[in-house]
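Asks: predicted structure and sequence below. I'll ask about it afterward.
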Amino acid sequence: MARYKHIDTSPRFLAVDLRKQLLPGTFEHALNELLDHDLDLSDFDARYRNDETGATAYPPAMLLKVILFAYSQGMVSSRAIERACCEHVTFIALSGDNVPHFTTIADFVGALGKDIANVFTQVLFICDCQGLIGREMFAIDGVKLPSNASKAKSGTRADFERQAGKLEAAVETMLTRHRAQDAKAVEPDLQAREAKRLERLQRDAAQIRKWLAANPEDRRGTKGSVRKSNRTDNESAKMATGKGVLQGYTGVAAVDASHQIIIEAQAHGSGSEQELLVPMVDAIADLIEPDTLLTADAGYHSDANLQALAEREIEALIADNGMRQRDERFAGQEQYKALPDPLHDKSVRATAVTRYAPADFRYDPQTQTCICPAGKQLYRNGRDCVINGYVAVKFQGAQRDCVPCAQRTRCLRHPERTKTRQVAFFQGKATGRPESLGERKRRRLDSPEGRTRYGARFATVEPVFGNLRHNKRLNRFTLRGRTKVDAQWKLYCLVHNIEKLAHHGYAQ
């Protein structure tokens, strides 16, 4: 029978040269060389006041090394990073056999703030010197991620006032019941449970009242509308996604098409992508050249954004909501949409009511009359109206006919608040009028050249988010407050950019 050498994988003392554990061509080798030789971290010195007295501090370069390498491995917990600095040879090599306490790591990450933005800029400059930024096309996109905030604690000030009132009313009811039972014999266990519940209700009501006193105003959107606040992280936002509603932040990134370098990264507590485009464009203004193309998906499309880009003389292709309907390449896309899980919800769903379309109305272009499905004649309230660049004839029903009509539910989307039905018949594209900015952009986007150039957006920005979400296991932000979350988002984007430097032979 063959005999083999015993392979011992148990821990033991080894004579190891730590520097040689960082192999050239790897992420950790590029990270080590970058932070030791090419980056200026003097801004971090202002954090410390131990020039003459006090204990020595861990070098910021060492802390950044272990944190960035941990993020590259999908490790975010400061306790897990501390443990890895004791057990994992690559962490030991990067830390120089130092083991920073998990509180030191957590405090360092939480206080990065603007300092990490300076590091991000320096790495971006090195990427540019290495020829990794082409400036031909920048793609802007974002990802919505939950944060360290409770979705259940979201609402307006009026919602919180109502919650506090209910809690205080419940407390008063319990106190009244206790007073009535003071003369009676009550079981000790029941009395203890009642006291604990009363204490919890009082504590919750006091917390809400304290928050209301500290936040006298509702959050407002860019147009002045009231937005829901959050009592655990008031800078986060309640956002709707394809997988449900979450409480968190939107991480936005601008990516260069040449080598998928992230040239700007920002985190915002807003689910509206439209208001995030201009801040991103202003942040990358120094990198935009006259022939640079900017691309973004339909979430960033608005007349205000198109006008802002035109004023800055920036060439851009931003999809609108009807782009895929106009593109024959997306014909039949509905069949590929995911169907609901039949095992998830067994309740009987109400059948949607089929509403009357304009084709159900009898329009006579000779007499310019229109008859509704109920047989009533509508009166014309618009001739040669221009709607989205098309000439239309508009008709509207009379209140005496529509209000008592038995077919209101099939004719109106909101019959409880809409009195009459309106219908428009389009006659063709309007001529003899100047083309609007939105129409000009749509025509350029629908051209063969526009479709080809916009199509490059998918291959530019989507793989970046795939790398961060899947490979780096970024599934949520673990901090609170926009400044801290923005720093954490930049850390992940730094990992991506340093990986690109390592893959292209940096520091070999």
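Replies: Sure thing, it's come through. Numbers count the residues shown, from 1 in each chain.

Asks: helix or strand right after the lengthiest strand in the chain?
Replies: What stands out as the longest strand in the chain, according to DSSP state E, is strand 244-256. Sequence-wise, the next helix or strand downstream of strand 244-256 (DSSP states H and E) is strand 262-268.

Asks: name the residues of the helix or strand just after that following strand that are buried.
Replies: Using DSSP H and E, the helix or strand that follows strand 262-268 in sequence is helix 277-283. Of the residues in helix 277-283, 277, 280, 281, 283 count as buried by neighbour count, 16 or more other Cβ atoms under 10 Å. For every residue, glycine as well, the C-beta is placed using N, CA and C.

Asks: contacting residues around helix 277-283?
Replies: Helix 277-283 has contacts (Cβ atoms under 8 Å, 6 or more residues apart in numbering) with 140, 252, 254, 264, 266, 268, 288, 294, 296, 300, 305, 308-309, 312, 314, 318.

Asks: quick one: which of these has the most company?
Replies: Sorting these by how many neighbours each has (other Cβ atoms under 10 Å) puts residue 296 first, at 29 neighbours.

Asks: show me how the record splits this protein into domains.
Replies: 137-148+238-329+437-487, 157-217, 358-420 (automatic domain parsing).

Asks: could you dump the ones you listed to TSV with distance to residue 71 and mean pLDDT?
Replies: Listed next are those as TSV, based on distance: least, Cβ to Cβ, whole Å; pLDDT from 0 to 100:
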stretch	distance to residue 71	mean pLDDT
domain 137-148+238-329+437-487	7	93
domain 157-217	32	84
domain 358-420	46	89
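
Asks: and of those, who's closest to residue 431?
Replies: Taking Cβ to Cβ, domain 358-420 is the member of the domains of the chain nearest to residue 431, at 8.4 Å.

Asks: picking up where we left off before, relative to residue 410, which of the buried residues of helix 277-283 is nearest.
Replies: Distance to residue 410 across these (Cβ to Cβ) is lowest for residue 277, with 40.0 Å.

Asks: please tell me how far residue 499 sits from residue 132.
Replies: Using Cβ to Cβ, to the nearest Å, one gets 11 Å for the distance from residue 499 to residue 132.

Asks: for residue 113, same thing?
Replies: Shown here: residue 113 relative to residue 132, a distance of 27 Å by Cβ to Cβ.

Asks: go on, residue 257?
Replies: Going from residue 257 to residue 132 by Cβ to Cβ gives 11 Å.

Asks: what's the answer for residue 201, then?
Replies: With Cβ to Cβ as the criterion, residue 201 and residue 132 are 58 Å apart.

Asks: and for residue 393?
Replies: Using Cβ to Cβ, residue 393 is found at 56 Å from residue 132.

Asks: residue contacts, the residue nearest to residue 483 when sequence neighbours are not counted?
Replies: Spatial nearest neighbour of residue 483, excluding adjacent residues (Cβ to Cβ, 6 or more residues apart in numbering): residue 113 at 5.4 Å. By Cβ under 8 Å, 6+ apart, residue 113 lies in contact with 483, 484, 487.

Asks: those residues in helices, which ones?
Replies: Residues of the contacts of residue 113 located in helices (DSSP state H): 483, 484, 487.

Asks: please name the residues that touch the second one.
Replies: It refers to residue 484. Residue 484 makes contacts with 109, 110, 112, 113, as judged by Cβ under 8 Å, 6+ apart.

Asks: pretty sure residue 295 belongs to a helix, no?
Replies: No. Counting by DSSP: H, G, I helix; E, B strand; the rest coil, residue 295 falls outside a helix, being strand.

Asks: the closest residue to it other than its chain neighbours: what secondary structure?
Replies: In space, and not counting its chain neighbours, residue 295 is closest to residue 457: 4.2 Å by Cβ to Cβ, 6+ apart. Here residue 457 is recorded as helix under three-state DSSP.

Asks: residue 457 is in contact with residue 294, isn't it?
Replies: No. Taking contacts as Cβ atoms under 8 Å, residue 457 lies outside contact range of residue 294: 9.8 Å.

Asks: where do the contact lists of these two overlap?
Replies: 137, 317.

Asks: quick revisit: buried subset of the contacts of residue 484, written for ChimeraX?
Replies: Those of those that count as buried under 16+ other Cβ under 10 Å are selected in ChimeraX with:
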select :109,110,112
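
Asks: for the contacts of residue 484, give me JSON lines that also has secondary structure, distance to residue 399 and pLDDT.
Replies: Output for those, formatted as JSON lines (DSSP: H, G, I helix; E, B strand; the rest coil; distance: Cβ to Cβ, whole Å; pLDDT from 0 to 100):
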{"residue": "109", "secondary structure": "helix", "distance to residue 399": "63", "pLDDT": "95"}
{"residue": "110", "secondary structure": "helix", "distance to residue 399": "62", "pLDDT": "93"}
{"residue": "112", "secondary structure": "coil", "distance to residue 399": "63", "pLDDT": "93"}
{"residue": "113", "secondary structure": "helix", "distance to residue 399": "60", "pLDDT": "87"}
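
Asks: among the contacts of residue 484, which one lies nearest to residue 335?
Replies: residue 109 (45.5 Å).

Asks: wait, that closest one touches residue 70, no?
Replies: No. If you go by Cβ under 8 Å, residue 109 and residue 70 don't touch, sitting 10.1 Å apart.

Asks: can you map out the strands along the stretch 401-508 of the chain?
Replies: Secondary structure of the stretch 401-508 of the chain (DSSP state E, counting those that start in this stretch): strands at 422-429.

Asks: repeat that for the stretch 251-400 of the chain.
Replies: Going by DSSP E, counting those that start in this stretch, the stretch 251-400 of the chain shows strands at 262-268, 293-296, 315-318, 362-364, 369-371, 377-387, 390-396.

Asks: the third one pairs with which strands, parallel or anti?
Replies: Translated: strand 315-318. strand 293-296 (parallel) (DSSP bridges).

Asks: repeat for the longest one
Replies: Strand 377-387 pairs in its sheet with strand 369-371 (antiparallel), strand 390-396 (antiparallel), by DSSP bridges.

Asks: got it, and the first one?
Replies: The sheet places strand 262-268 alongside strand 244-256 (antiparallel), with pairing taken from DSSP bridges.

Asks: could you export the strand it pairs with as CSV, CA atoms only?
Replies: Extracted C-alpha coordinates of strand 244-256, given in CSV (Å, rounded to 0.1, in the frame of the first residue of the first chain):
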residue,chain,number,x,y,z
GLY,A,244,-39.9,46.0,-2.4
VAL,A,245,-39.5,49.1,-0.3
LEU,A,246,-36.3,49.6,1.6
GLN,A,247,-34.9,52.3,4.0
GLY,A,248,-31.4,53.3,2.8
TYR,A,249,-29.3,55.3,0.4
THR,A,250,-28.7,55.4,-3.4
GLY,A,251,-25.1,54.8,-4.3
VAL,A,252,-24.3,56.7,-7.6
ALA,A,253,-21.3,56.1,-9.7
ALA,A,254,-19.9,57.7,-12.9
VAL,A,255,-17.9,55.1,-14.9
ASP,A,256,-15.5,55.6,-17.7
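
Asks: buried stuff in that strand?
Replies: Across strand 244-256, burial judged by 16+ other Cβ under 10 Å covers 246, 247, 248, 249, 250, 251, 252, 253, 254, 255, 256.

Asks: show the pLDDT at residue 340.
Replies: pLDDT, residue 340: 59.

Asks: on that earlier part again, widest-spaced pair of the buried residues of strand 244-256?
Replies: Largest separation among the buried residues of strand 244-256 by Cβ to Cβ: 247 and 256, giving 31.6 Å.

Asks: ok so, going back, adding distance to residue 440, write the strands of the stretch 251-400 of the chain out as a markdown table.
Replies: Below are the strands of the stretch 251-400 of the chain laid out as a markdown table (distance: least, Cβ to Cβ, whole Å):
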| stretch | distance to residue 440 |
| --- | --- |
| strand 262-268 | 27 |
| strand 293-296 | 16 |
| strand 315-318 | 12 |
| strand 362-364 | 31 |
| strand 369-371 | 33 |
| strand 377-387 | 16 |
| strand 390-396 | 16 |
